[in-house]
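Participant: any chance you could fold what I've pasted below:
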Amino acid sequence: MRKGFLKIDAHVHSSGISKCSHVTVEQLSDDKMREGYDGMILVNHCQPWYYAPEEQNDFMRLVVKEYERAKKYGDNVGFRAFFGLEVTIEQPYNDWLLYCVNEKFLLSAPCLYKLRQKELFDLCEDNGIVLVQAHPFRNSGWGEPEYMRGVEINCTPPDYARAEETACIAQKRGLLLTCGTDYHGDARPTNGGIYLPENITSGEEVARYLLSAKNTELFLGEKDFTAPGYRPVKTE
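Facilitator: Numbers count the residues shown, from 1 in each chain. This next block holds a predicted model:
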């Protein structure tokens with residue numbers, strides 16, 4: 001544990017929104033606290049098969065309500081809950097973590113899963129949201145590096161087996177590195193996540209920190225390590 005930092009799982013899902021999750025926000029928070037975490041970023045799914053495009057606002061109201069429930073419970077038990085989203089886009093088919101969203105953004109956004117990577121990136125940039133590719137070796141593979149801020153080390157097999165490769169590619173491409181367990185309530189072989197300064201209390205502060213930090217402080221199991229932050233470099 002790094003002094004002055006919070007231990008955060010930056011990729012978790014709750015059953016109120018994510019159909020593949022087996023835990024409520026309360027159970028999720030309790031599980032993570034037992035594992036030694038100080039907080040989480042709740043990134044419930046936004047996927048094409050969850051709702052029709054014309055139902056975007058109704059769905060996002062449910063997403064907001066689920067986060068508010070997590071935040072209320074976390075405040076009561078001393079566990080920090082930050083607000084994110086995992087968007088599955090169709091062209092090309094890939095999963096994207098949005099750190100950190102808010103109600104105003106979600107209720108004014110177009111149908112997020114209909115956007116292409118550049119469109120999603122531009123929207124996030126305009127709203128102070130950090131776009132990070134989730135588990136980059138799945139689906140269509142790595143996205144276009146100029147249209148993302150970072151990439152995730154995902155702690156589920158076989159993604160975890162490629163953690164070192166993920167870190168090397170991120171450094172080469174000038175991308176910040178994050179880490180999360182992709183927790184849905186089932187067993188995970190390795191704990192992992194990101195350290196955030198302990199004075200951070202809001203999603204906006206999380207996003208500003210990730211965008212401005214020279215390095216990100218991560219952990220995998222019992223190992224802590226420092227990774228370069230986002231650097232706008234020319235890619236191959």
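
Participant: can you tell me the helix or strand for Gly193?
Facilitator: Gly193 belongs to strand 192-197 when assigned by DSSP states H and E.

Participant: which strands or helices does that strand pack on?
Facilitator: Other elements packing on strand 192-197 under the criterion 3 or more C-beta pairs under 8 Å, 6 or more residues apart in numbering; DSSP states H and E are strand 5-12, strand 176-180, helix 203-212, strand 215-220. In short, each C-beta sits where N, CA and C put it, glycine included.

Participant: deepest of the ones you listed, which one?
Facilitator: When you average the neighbours per residue for each of the helices and strands packed on strand 192-197 (mean count of other C-beta atoms under 10 Å), strand 176-180 leads with a mean of 27.

Participant: hmm, who's touching that strand?
Facilitator: By C-beta atoms under 8 Å, 6 or more residues apart in numbering, the list of residues contacting strand 176-180 from outside reads 9-12, 41, 43, 97, 99, 130, 132, 149-155, 166-167, 170-171, 192-194, 210, 213, 216, 218-220, 227-230.

Participant: try stretch 185-198
Facilitator: Outside stretch 185-198, the residues within contact range by C-beta under 8 Å, 6+ apart are 2, 4-10, 15, 21-23, 27-28, 31, 35-39, 153, 155-157, 160, 178-182, 206, 209, 216-221, 224.

Participant: re earlier: in JSON lines, list the helices and strands packed on strand 192-197 along with distance to Leu85.
Facilitator: Rendered in JSON lines, the data for the helices and strands packed on strand 192-197 read as follows (distance: least, C-beta to C-beta, whole Å):
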{"stretch": "strand 5-12", "distance to Leu85": "11"}
{"stretch": "strand 176-180", "distance to Leu85": "13"}
{"stretch": "helix 203-212", "distance to Leu85": "11"}
{"stretch": "strand 215-220", "distance to Leu85": "20"}
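
Participant: determine the longest helix present in this protein.
Facilitator: The longest helix of the chain (DSSP state H) is helix 56-77.

Participant: what separates that one from the chain centre, distance-wise?
Facilitator: Averaging C-alpha coordinates over helix 56-77 and over its chain gives two centres that are 16 Å apart (C-alpha atoms, centre = their mean, to the nearest Å).

Participant: for it, packing partners?
Facilitator: Using 3+ C-beta pairs under 8 Å, 6+ apart, helix 56-77 is in contact with helix 25-34, strand 39-42, strand 80-90, helix 103-108.

Participant: nearest to Leu120, out of those?
Facilitator: With C-beta to C-beta as the criterion, Leu120 lies closest to strand 80-90 of the helices and strands packed on helix 56-77, at 6.3 Å.

Participant: what packs against the closest one?
Facilitator: strand 5-12, strand 39-42, strand 45-46, helix 56-77, strand 93-99, helix 117-126, helix 203-212.

Participant: same thing but at 6 Å, please
Facilitator: strand 39-42, strand 45-46, helix 56-77, strand 93-99, helix 203-212 (3 or more C-beta pairs under 6 Å, 6 or more residues apart in numbering; DSSP states H and E).

Participant: who does the least confident helix or strand in the chain by mean pLDDT pair up with?
Facilitator: For the chain, counting by mean pLDDT, DSSP states H and E, strand 223-228 ranks last in confidence among helices and strands (a mean of 88). Taking DSSP bridges as the criterion, strand 223-228 pairs within the sheet with strand 215-220 (antiparallel).
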